[in-house]
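A.B. asks: give me a 3D structure for the following:
(one chain, ligands or ions: 2)
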Amino acid sequence: MSEKLIIFDTTLRDGEQSPGASMTRDEKVRIAKVLEKMRVDVIEAGFPIASAGDFESVKAVAEAVKDSTVCGLARATQGDIERAAEAIKPANSGRIHTFIATSPIHMKEKLRMEPDQVLEQAVWAVKLARQFTDDVEFSPEDAGRSEPDFLVRVLEAVIDAGARTVNIPDTVGYNIPTQFGSLIADLRERVPNADKAIFSVHCHNDLGLAVANSLSAVMNGARQVECTINGLGERAGNASLEEIVMAVRTRQDVFPCDTTLDTTQIVTASRLVSNITGFAVQPNKAIVGANAFAHESGIHQDGVLKKRETYEIMRAEDVGWTTNRMVLGKHSGRNAFRTRLKELGIEFKSEEELNSAFARFKDLADKKHEIFDEDLQALVTEEGTEQENEHFQLVSLKVCSQTGEVPEAQLVVAVNGKEQQGVATGGGPVDATFKAIESIVKSGSGLQLYSVSNITSGTDSQGEVTVRLEKAGHIVNGQGADTDIVVASAKAYINGLNKLIQPTDREHPQADQPI
Ligand code: KIV
Ligand code: ZN
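C.D. replies: Ligands and ions are numbered 1, 2, ... in the order given. Below you'll find the predicted structure:
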């Protein structure tokens, strides 16, 4: 029987560190429930000291999730560790993940600490965390650029202090597979008490090697991998969960271990994360891209029809791609609606919430006859983003666009409940709409990204629009969906503006240690 490979998902923590990918508490709980259904072993739900919102999110995930371990991140300080302990208290199984940097450059330039001080602080932090839970993980940040001799000393000391998992992060994505694999083998051999802890890895994708480095580490004895859905994460992202899990599952002939994940939940999780964060999945992305199982060339199609294995190494159904996905229509009732959403892991907190989502569903079903799971996911996300108490709300929009004429948008936006009108012309209907919104709101923000994709196929599909807005270094993503893509664009822009006005006093985990 092969050994267990622990999957530690950090979509809700490191994934959220992608610029503009911040998630609300309810969105985090929705994602966490899907991860739990997928049987992810550990869910890193956030960095509780970062802000009151982050603390509440970790706590809410700890309350909602029963079968996975819920983890909170903490720097090696008393304030961070106590806050993480408080946030994970409601969990059936809770973990504190504490870390401090060990590379020469981080110790000298960032922490301004001597190596011996860092070692002492690491041991102290692990002992403190152990007062709250037996399940403590320690990470020497920037291990990929740390001196192996120093790593050996630190790991031995933190394992002695009670760390059950020691995680080796390639924080800046600098390592390459053979070298990273050798580092793991070397540490496991040289740390005298290595057998008392699980070795984990956490790889960033700056050189596009996060998955390769993680798999090389697994070949060399790592038994926990930290990863994210769709490879979301700081800068170029983290190792992608779906690629790690499917590589290990598909190549059981070479890996001595396997995960216990229900891989059929992968596509649902991928869509949900993309839908909530506004980070689209590229069509040729392995496992979860729209083309991942599509065969274009005639030769391939012919081969697959004769025997699937000629060109397919995995079954689309095994990762959650289904063929018949039309789920609801114009005549579906409230019960069918509620039941299907429950199957997708979405439950309503009150009858009013259900009624309001159902009313939206009926509106959509009038415009679009077949409603797919993706439409339902978008509808619920929109339900969460279009709160009645939002500062800016789209009331109405009229756009004239005609060949040979300059497009013009007229709209009404409620600002704090007070309706205001805006009119503007632009290079196209979307440009005119955004300018009309700005004529009212005057946000002064820069549009960094505008993307539109169809949620399902067909010309009656809803268009899903993402905008990324930036103001004074604060970056947010706004989303909107509608069968009319100009309306979807206006909704996305307004959703972004509502996020932009929220205060950002969040602490970044990799900021200096407030010792
Ligand atoms: O990349 C990193 O080093 C991290 C640590 C907090 C584990 O995210
Ligand atoms: Zn990281």
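
A.B. asks: what sits closest to Phe434 if chain neighbours are left out?
C.D. replies: Among residues not flanking Phe434 along the chain, Tyr493 sits closest, at 5.6 Å (Cβ to Cβ, 6 or more residues apart in numbering). Backbone N, C-alpha and C define where each C-beta goes, glycine included.

A.B. asks: wait, isn't that neighbour in contact with Val476?
C.D. replies: No. The criterion here is Cβ atoms under 8 Å, and Tyr493 misses it with Val476 at 11.0 Å.

A.B. asks: quick check: end-to-end length of stretch 240-256?
C.D. replies: 20 Å (Cα to Cα, to the nearest Å).

A.B. asks: that older thread, okay, now the residue nearest to Phe434: neighbour count?
C.D. replies: Residues lying near Tyr493 (other Cβ atoms under 10 Å) number 27.

A.B. asks: list the residues that contact it.
C.D. replies: Thr433, Phe434, Ile437, Val467, Leu469, Gly478, Gly480 (Cβ atoms under 8 Å, 6 or more residues apart in numbering).

A.B. asks: for Cys71, same thing?
C.D. replies: Phe8, Val42, Ile43, Glu44, Ala45, Ile88, Gly94, Arg95, Ile96, His97, Glu137.

A.B. asks: and the fifth one, how far is that from ligand 1?
C.D. replies: As defined by Cβ to the nearest ligand atom, to the nearest Å, Ala45 lies at a distance of 14 Å from ligand 1.

A.B. asks: and the spatially closest residue to that residue that is not a sequence neighbour, which of the three is it?
C.D. replies: Closest residue in space to Ala45, ignoring its immediate chain neighbours: Val61 at 3.9 Å, by Cβ to Cβ, 6+ apart. Using DSSP: H, G, I helix; E, B strand; the rest coil, the structure places Val61 in helix.

A.B. asks: ok, now which ones touch Val61?
C.D. replies: So Val61 contacts Leu12, Lys28, Val29, Ala32, Ile43, Ala45, Gly46, Val70 (Cβ under 8 Å, 6+ apart).

A.B. asks: repeat that for 7 Å
C.D. replies: Lys28, Val29, Ala32, Ile43, Ala45, Val70 (Cβ atoms under 7 Å, 6 or more residues apart in numbering).

A.B. asks: same deal with Asp186?
C.D. replies: Contacts of Asp186 (Cβ under 7 Å, 6+ apart): Pro148.

A.B. asks: quickly find the element holding it.
C.D. replies: helix 177-190 (DSSP states H and E).

A.B. asks: now, which of the contacts of Tyr493 sits nearest Phe293?
C.D. replies: Phe293 has its nearest neighbour among the contacts of Tyr493 in Gly480, at 28.9 Å by Cβ to Cβ.

A.B. asks: gap between that closest one and Leu379?
C.D. replies: 12 Å (Cβ to Cβ, to the nearest Å).

A.B. asks: pLDDT at the residue nearest to Glu312 when sequence neighbours are not counted, what is it?
C.D. replies: Closest residue in space to Glu312, ignoring its immediate chain neighbours: Val304 at 6.3 Å, by Cβ to Cβ, 6+ apart. Val304 is assigned 70 on the pLDDT scale.

A.B. asks: does Val304 touch Thr310 like I think?
C.D. replies: Yes. The criterion here is Cβ atoms under 7 Å, and Val304 meets it with Thr310 at 6.3 Å.

A.B. asks: re the thing from before, next SSE after the helix holding Asp186?
C.D. replies: Heading C-terminal from helix 177-190 (DSSP H and E), you reach strand 198-203.

A.B. asks: what about that next one, distance to the chain center?
C.D. replies: 19 Å (Cα atoms, centre = their mean, to the nearest Å).

A.B. asks: which residues touch that strand?
C.D. replies: Applying Cβ under 7 Å, 6+ apart, the set of residues contacting strand 198-203 is 6, 8, 139, 164-170, 173, 184, 188, 210, 213-214, 217, 221-226, 238-239.
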